[in-house]
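Participant: mind folding the following:
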Amino acid sequence: MPLQTKKRPTEALIDLDALAFNFQSSKQFIGSDLKYMAVVKADAYGHGAPECALRLEADGVDWFGVAIPEEGVELRQAGVTRPILCLGSFWPGQEALIVEHHLTPVIFDEHIADLLNKYAVGVGVDIDIHVKIDTGMGRVGVRYERAAEFAATLKRFENLHVNGLMTHFASAEDPAENEFTGKQIERFNAALDQFLIAAHSPEWIDLANSPGAIRHHDSRGNLIRLGGALYGLLDDILIPETESPQLKPVLSLRSEIAHIKQIAAGESLGYGRTFFTKRDSLIALVPVGYADGYPRNDSDRGRVCVKGQAAPVVGRISMDWTLIDVTDIENAAVGDEVLLIGRSNGCYITAADIAREIDTIGYEITCGISPRVPRIFKEKQ
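Facilitator: Okay, here's the model as predicted:
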């Protein structure tokens, strides 16, 4: 019999049932009469886009949102059939990808619109587009003051059909910014009026991301973009007092203790000698590092779960290894599970917990988990 090769134990576990729960919970909270787009860009925020999209499609999601056409092609090749919106538009020369894979581009640039229309004329097709209005984010989008002008410009492109109008909120999660969010909604509605006056008839009115849909009823339009809510990643986005849907974490990051060393008091650990033991210690080596997306900035401040107890990260996190202090964990041994994100009996660590320690957000933590960490997908059969 061939020998079985044991693989490195570091892996990300993706609970697809929790993903589906979050979608249904969000839908029930926001409104079952609306349509929903699942934002699965950046490999579904690090969770695995094809697998997440297929499960969400089976659960009734109406649209999918990606950043770039290549992400849309990946979904199509995986068997996703629902409409796919390319939120970041496309680059010159990618017109064929848009048409061949039935992708809907977001348009906010006249030159890009012209390229797409010429291609559409050449192959004899009409193409649906969504137009993005910059109502105050200051990022991509047609400035709201130019809405009438852009609406008139698009009428020249006979093979393009404005099927949707959208914007993006700058700070919809923050009660202190309610006035500005209200101003963004007003600007969008005024832009929509200009498109209607220009004889465009967008079917999809799309303002709200997860925080917007949860906190601002008048931003819901008829198509909701769910991103962080799907993955249970709103802990550090919404303030704790916010009334919001019940959400479950979808991703756990786990590994195992690979080695244990006895280290005398007063010894230094890791690069830069940033940590010195204050007592005789048991130090465990875990095969995960910043090359896997476990952030180096969490050195000497993070914690992990072993046997249901918190164990501190000690020394500088290196590319492939992290050191943890298991002195206080009874019978800690090689092979014990180490949870970097997830729940183990009474010990619980979220992506938001790590993010708070290093002054970022949970989205960056899950998006940063590298491709060399296998995604293991779980769902009830």
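Participant: hey, where'd the strands end up in the stretch 51-200 of the chain?
Facilitator: Here the stretch 51-200 of the chain has its strands, by DSSP state E, counting those that start in this stretch, at 63-66, 84-86, 103-107, 127-134, 142-143, 160-166.
Participant: what is the shortest one packed up against?
Facilitator: Packing partners of strand 142-143 (3 or more Cβ pairs under 8 Å, 6 or more residues apart in numbering; DSSP states H and E): strand 127-134. Heads up, the C-betas are built off the backbone N, CA and C, glycines and all.
Participant: please apply the same query to the last one.
Facilitator: Secondary-structure packing of strand 160-166 (3+ Cβ pairs under 8 Å, 6+ apart): strand 103-107, helix 110-123, strand 127-134, helix 147-154, helix 178-197, strand 204-206.
Participant: for residue 354, which of the ones you listed is the nearest?
Facilitator: If you check each of these against residue 354 by Cβ to Cβ, helix 178-197 wins as the nearest, at 28.2 Å.
Participant: so which bits of the closest one are buried?
Facilitator: Using 16 or more other Cβ atoms under 10 Å as the test for burial, helix 178-197 gives 180-181, 184-185, 187-188, 191-192, 194-195.
Participant: now stretch 31-43
Facilitator: 35-43.
Participant: what does stretch 319-326 give?
Facilitator: 320-326.
Participant: kindly report the same for stretch 69-79.
Facilitator: Buried residues in stretch 69-79 (16+ other Cβ under 10 Å): 69, 71-76.
Participant: show me the domain layout of the protein.
Facilitator: 16-231, 251-378 (automatic domain parsing).
Participant: would you mind measuring the gap between the ends of the shortest one?
Facilitator: End-to-end distance for domain 251-378: 10 Å, by Cα to Cα, to the nearest Å.
Participant: switch to numbering from 17
Facilitator: In the new count, where the first residue is 17, that last one comes out as domain 267-394.
Participant: that domain: how far from the chain's middle?
Facilitator: Averaging C-alpha positions (Cα atoms, centre = their mean, to the nearest Å) puts domain 267-394 23 Å from its chain's average.
Participant: what average pLDDT does that domain get?
Facilitator: On average, the pLDDT along domain 267-394 is 97.
Participant: just the first one next, same as before
Facilitator: Over the span of domain 32-247, the pLDDT mean works out to 97.
Participant: quick one on the thing from earlier: now, which of the buried residues of helix 194-213 sits nearest residue 245?
Facilitator: For the buried residues of helix 194-213, the minimum distance to residue 245 (Cβ to Cβ) is 17.2 Å, reached by residue 197.
Participant: before we move on, the earlier item: just put the buried residues of stretch 85-95 in a markdown table and tack on distance to residue 171.
Facilitator: Compiled in a markdown table, the buried residues of stretch 85-95 are given as follows (distance: Cβ to Cβ, whole Å):
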| residue | distance to residue 171 |
| --- | --- |
| 85 | 25 |
| 87 | 30 |
| 88 | 27 |
| 89 | 30 |
| 90 | 34 |
| 91 | 31 |
| 92 | 30 |
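Participant: tell me the one among those nearest to residue 313.
Facilitator: Using Cβ to Cβ, residue 87 is the member of the buried residues of stretch 85-95 that sits closest to residue 313, with 27.6 Å.
Participant: which residue packs closest to that closest one, ignoring adjacent ones?
Facilitator: Distance criterion Cβ to Cβ, 6 or more residues apart in numbering; nearest residue to residue 87, sequence neighbours excluded, is residue 57 at 6.0 Å.
Participant: ok, residue 262 next?
Facilitator: Spatially, and ignoring its direct neighbours in sequence, residue 262 is nearest to residue 41 (5.2 Å; Cβ to Cβ, 6+ apart).
Participant: CA atoms of stretch 94-110 as PDB?
Facilitator: The C-alpha atoms that make up stretch 94-110 are tabulated as PDB, following Å, rounded to 0.1, in the frame of the first residue of the first chain:
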ATOM      1  CA  ALA A  94     -17.300  27.000 -11.500                       C
ATOM      2  CA  GLY A  95     -20.900  26.900 -12.800                       C
ATOM      3  CA  VAL A  96     -22.400  30.100 -11.400                       C
ATOM      4  CA  THR A  97     -25.400  31.200 -13.600                       C
ATOM      5  CA  ARG A  98     -26.800  34.300 -11.800                       C
ATOM      6  CA  PRO A  99     -25.900  37.800 -13.000                       C
ATOM      7  CA  ILE A 100     -22.400  38.900 -12.100                       C
ATOM      8  CA  LEU A 101     -21.600  42.600 -11.600                       C
ATOM      9  CA  CYS A 102     -17.900  43.800 -12.100                       C
ATOM     10  CA  LEU A 103     -17.800  46.500  -9.500                       C
ATOM     11  CA  GLY A 104     -14.400  47.800 -10.700                       C
ATOM     12  CA  SER A 105     -15.500  47.900 -14.300                       C
ATOM     13  CA  PHE A 106     -12.900  46.400 -16.700                       C
ATOM     14  CA  TRP A 107      -9.600  47.300 -18.400                       C
ATOM     15  CA  PRO A 108      -9.200  48.200 -22.100                       C
ATOM     16  CA  GLY A 109      -8.900  44.900 -24.000                       C
ATOM     17  CA  GLN A 110     -11.200  43.000 -21.700                       C
END
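Participant: what segments of the stretch 217-366 of the chain are strands?
Facilitator: Along the stretch 217-366 of the chain, the stretches classed as strands by DSSP E, counting those that start in this stretch are 220-222, 239-242, 267-272, 275-279, 284-285, 291-292, 297-302, 319-322, 325-328, 338-341, 353-360, 363-365.
Participant: name every strand pairing with the second one and say which way it goes.
Facilitator: Strand 239-242 has the following strand partners under DSSP bridges: strand 51-55 (parallel).
Participant: give me the angle between the partner strand and strand 176-182.
Facilitator: Counting by axes from the mean of the first three to the mean of the last three Cα atoms, to 10 degrees, strand 51-55 lies at 90 degrees to strand 176-182.
Participant: after strand 51-55 comes which helix or strand?
Facilitator: Toward the C-terminal end, the helix or strand that comes next after strand 51-55 (DSSP states H and E) is helix 57-62.
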